[in-house]
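*Asks:* I need the structure of the sequence given here:
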Amino acid sequence: MLHRHTLGVVPAKPHTALRENGTLLIEQMITRSGFSGPYSILYYRTPPTDETEVVDLALNGFCPVERAKDQPLQRRHIRTQNLEPGGDFLTGRRTLLVSDCLDVGVCKPTDSTSRFFSNGDGDELYFVKAGSGTLESVYGVLPFREHDYVLIPKMTPYRMTFDGPATLLVHEGRPEIGIPSPYRNEYGQLTDFAPYSHRDFRWPLELLALDPAQHGEPPYEIVMKRDNQLTLHRYEQFPLDIAGWDGAVYPVAFNIHDYQPKTGLVHLPPTIHTTFVGGDKFVICSFVPRMVDYHEQAIPCPYAHANVDMDELLYYVEGNFTSRKGIDSESLSVHPAGITHGPHPGTYEKSIGTKRTDELAVMIDAYSTFYLTTEAVRVEQKDYHTTWVK
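*Replies:* Predicted coordinates:
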């Protein structure tokens, strides 16, 4: 939700007639926060209400999920690199952690599908750890590449296609995932001291056209999620066939390497790397290669920290992770509130004199408790909590 964008044709004023070859197009308004927040207006060739069938659906591992029964208060290490690839962008999703405000999972799709998906429970944010492809949505076509964040507004019908194997970190934020308000001026523009600019974001530049070879034949299907339940909706007409839209609600892509990190004389807290927020409930941060602290006695390695109010997750992408041993690419660590976490023995002193870090990681801090699912327990390192002992 960066700024107003227009794609295709729209009338001079909202809520007025727009015709295509003499046929009246059907206006749909998509609003956030009732009618008080951002919105977009779309113009359909076939009414978006033109559904022919609704049936229940379950995709085990994604929806519904099963919470692990035994969850003692301890540090956790989920080895997501051990999850087997399979399924498509939806059937391949494996939710690993759930909370009141944010669910986190991994998807390693190998298949394609003509189905679309619409999440009515919250905004979705993908981090593309590996791979590339295209996001097709009601707002148009948006290519994505390795190390992109792809932010999809709540209730947006979309599907993802891939150019080959891919690995995705998936966030489902309730009720929203957005840009931190301190990064904007009073006019809504990103400030010059924000860690990114409007130019760093990409959005759909081409409307989606029906392709029978890619989208199949009727009935067309959209899987919808609401209150952690799935339903399958069928349409005889292609349900994403629009002539144009304008507004401030639409998907965007942002590459983590375009994030501009900040450093200081001594170590700064990780919230300085905040990239997206879920209101006042959670933050999503980007750790990117950067210069480190420049005081002559600075200790660049993070100090021990007691999480008093927030659970912390860290998804390791690539590079040298200075604070930990035994962590690999695609590792997902869970450090719950109430338990101190910190650098692995030997890494703290060793970091003195370091001038630069090349780590790439995504961090999540949330006020709500994260609970492991049975999918996470399957690939958990059981002795992780005691690996700090010398």
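*Asks:* And Lys325, what's its pLDDT?
*Replies:* Looking at Lys325, its pLDDT stands at 66.
*Asks:* What of Pro270?
*Replies:* 82.
*Asks:* Verify the contact between it and Ser286 for me.
*Replies:* No. The pair Pro270 / Ser286 is not scored as a contact, 10.2 Å apart, by Cβ atoms under 8 Å. All C-beta atoms are positioned from the backbone trio N, CA, C, and that covers glycine.
*Asks:* worst-scoring helix or strand of this protein, pLDDT-wise?
*Replies:* helix 347-350 (a mean of 69; mean pLDDT, DSSP states H and E).
*Asks:* Tell me the helix or strand right after that one.
*Replies:* Later in the chain than helix 347-350, the nearest helix or strand by DSSP states H and E is strand 356-357.
*Asks:* How far does that following strand sit from its chain's centre?
*Replies:* Relative to the chain's own centre, strand 356-357 is displaced by 26 Å; criterion: Cα atoms, centre = their mean, to the nearest Å.
*Asks:* the strands in the stretch 1-150 of the chain, which residues?
*Replies:* Using DSSP state E, counting those that start in this stretch, the strands assigned to the stretch 1-150 of the chain run over residues 5-8, 19-20, 23-24, 26-31, 39-44, 53-57, 76-79, 93-98, 102-107, 116-119, 123-130, 133-137, 140-144, 148-152.
*Asks:* ok so, going back, any shared contact partners between Pro270 and Ser286?
*Replies:* Common contacts of Pro270 and Ser286 (Cβ atoms under 8 Å, 6 or more residues apart in numbering): Met363.
*Asks:* Which one's more surrounded, these two?
*Replies:* Ser286 (25 against 17; other Cβ atoms under 10 Å).
*Asks:* For the more buried one, give me the pLDDT.
*Replies:* 96.
*Asks:* any idea how far the helix or strand containing it is from the chain center?
*Replies:* Assigning secondary structure by DSSP H and E places Ser286 in strand 282-287. Centroid separation for strand 282-287 versus its chain: 11 Å, with Cα atoms, centre = their mean.
*Asks:* Same check on stretch 82-101?
*Replies:* 13 Å.
*Asks:* Next: stretch 116-129.
*Replies:* 6 Å.
*Asks:* just to revisit the earlier point, the strand holding Ser286 pairs with which strands?
*Replies:* According to DSSP bridges, strand 282-287 has the following sheet partners: strand 274-278 (antiparallel), strand 360-366 (antiparallel).
*Asks:* need the next SSE after that strand, C-terminal direction.
*Replies:* strand 290-291.
*Asks:* Count the neighbours of Pro182 for me.
*Replies:* 11.
*Asks:* can you tell which of the strands of the stretch 1-150 of the chain is closest to Val223?
*Replies:* strand 116-119 (4.9 Å; Cβ to Cβ).
*Asks:* Please save the CA atoms from the closest one in CSV.
*Replies:* Only the C-alpha atoms of strand 116-119 are listed here, as CSV (Å, rounded to 0.1, in the frame of the first residue of the first chain):
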residue,chain,number,x,y,z
PHE,A,116,-6.1,-19.4,-7.5
PHE,A,117,-6.1,-18.6,-3.7
SER,A,118,-7.6,-15.8,-1.7
ASN,A,119,-6.7,-15.5,2.0
